[in-house]
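Engineer: predicted model and sequence follow; I will ask about them next.
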Amino acid sequence: MHKRQVFKAIALVVIALTATQSIADGATFKIGLILPMTGQQASTGRQIEAAAKLYMAQNGDTVAGKKIQLIIKDDTTIPDVTKRLAQELVVNDKVDVLAGFGITPSALATAPIATQSKTPMVVMAAATSSITQASPYIVRTSFTLAQAAVAMGDWAPKNGLKKVVTLVSDYGPGIDAEKYFIERLQLNGGQVAESLRVPMRNPDFAPFLQKVRDLKPDALFVFVPSGAGAAVMKQFLERGMDKAGIKLIGTGDVTDDDQLNDMGDGALGVVTSHHYSAAHPSAANKKFVEAFQKANKGMRPNFMAVGGYDGMRVIYEALKASKGQGGGDALLAAMKGQIFESPRGPMFIDSQTRDVVHNIYLRKVQRQDGQLHNVEFDVIKDVKDPGKTK
């Protein structure tokens, strides 16, 4: 009899400990942040990590009674690695949200895992139109190349740049940028002298730029991934293309805020279209830039940082709205349709497409307070992704 009571007491203790453990686990909300922290796109990872940590520092690490835990993984920009890490985060770490995704192939590799596990997947960087269609659990807070490219396709021919060569990195976002820029340029009476695509891995821009110089267009339209803009600018200037009267235009990646000051005076006057500039004159952005630089030894936030910062906001607000209860479907529903003031300006998550809708700005590189900045001179408001409107 005594033995039976002892066993019963032990069993009750084990059950109590298990229950305590599951309550402890249930009180933690885990975000698996997969980023390229090394390799070609390391600046993307660095910027998004810094922005995510800043958001947490400003807004606390407890939401709706849940302790927020950020688990950061380096996928080295290799999609197979991204997929494996996502699988481990879902199965072993039991994350509530997957986030990050520096490049399109990494996001696409992870999409089936998000669908199978019903885990919301917040894309903070990758920018090909089709990404949100790869899983009903994907929400994007970055941008699409199509949004930015269309604006430049309108601006260039109206400002005397009729004959243009396009130069893009040969993968999803580059092909989107090329397609939507060319369509809009031609619609406005411009012509494309040639379309050039550069291999994404170990790119050498030199032979392509030489070809552009020989073609003598009015302008060269460029898209390269975040982090590669400085190399293009350097080689463009080395070949004297600016002195030959060829204007450099493109999406905002080419005059990335993270690298712009290092590009030197040769970047002055370059016109780009994009959704974010560190020089955006709103009060919310000034506050964001100041806090970001203070927390990161003077590093200037770029468009990747704002994608990460806004992504964290979307996750926090969804957790609040769902009162910390329920799984992925409740979170996803609370992410759709969010409207808010971002450092980039007003934005919202389209509840049908789960894609970001925001302003696209035309900007020119100018010197302000002794530094180079992308200074906005025009705006197209509430731009939806053209890739979803056809």
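Structural biologist: Thanks, I have it.
Engineer: residue 66 and residue 27 touch, don't they?
Structural biologist: Yes - with contact defined as C-beta atoms under 8 Å, residue 66 reaches residue 27; the gap is 6.1 Å. For glycine as for every other residue, the C-beta is placed from the backbone atoms N, C-alpha and C.
Engineer: so which of the two has more stuff around it?
Structural biologist: Per other C-beta atoms under 10 Å, whichever of residue 66 and residue 27 has more neighbours is residue 66, with 18 against 12.
Engineer: next, count neighbours for the nearest residue to the more buried one once chain neighbours are set aside.
Structural biologist: The shortest distance from residue 66 to any non-neighbouring residue, by C-beta to C-beta, 6 or more residues apart in numbering, is to residue 29 (3.9 Å). Neighbourhood size, residue 29 [other C-beta under 10 Å]: 23.
Engineer: swap in the one 3 residues further on?
Structural biologist: Other residues within reach of residue 32 by the criterion other C-beta under 10 Å amount to 25.
Engineer: ok, now which ones touch it?
Structural biologist: Residue 32 makes contacts with 71, 73, 85-86, 89-90, 93, 95, 97-99, as judged by C-beta atoms under 8 Å, 6 or more residues apart in numbering.
Engineer: state the distance from the residue lying closest to residue 381 once chain neighbours are set aside to residue 151.
Structural biologist: Nearest non-adjacent residue to residue 381, counting by C-beta to C-beta, 6+ apart: residue 359, 5.3 Å away. To residue 151, residue 359 is 10 Å away according to C-beta to C-beta, to the nearest Å.
Engineer: these two: which has the busier surroundings?
Structural biologist: Ranked by neighbour count (other C-beta under 10 Å), residue 359 and residue 151 place residue 151 first, with 26 against 20.
Engineer: now list whatever residues contact both of residue 359 and residue 151.
Structural biologist: Applying C-beta under 8 Å, 6+ apart, one finds that residue 359 and residue 151 are jointly contacted by 380, 383.
Engineer: and the strands in the stretch 51-200 of the chain?
Structural biologist: 62-63, 66-74, 97-100, 121-123, 138-140, 163-169, 191-198 (DSSP state E, counting those that start in this stretch).
Engineer: how far off centre is the shortest one?
Structural biologist: Same thing as strand 62-63. How far strand 62-63 lies from its chain's middle: 24 Å, per C-alpha atoms, centre = their mean, to the nearest Å.
Engineer: what's near enough to touch the most centrally placed residue in the chain?
Structural biologist: Against the mean C-alpha coordinate of the chain, by C-alpha atoms, centre = their mean, the closest residue is residue 125 at 2.0 Å. Residues in contact with residue 125 (C-beta under 8 Å, 6+ apart) are 35, 44, 48, 100-103, 142, 226, 304, 307-308.
Engineer: same check on residue 190?
Structural biologist: Contacts of residue 190 (C-beta under 8 Å, 6+ apart): 153, 156-157, 161-164.
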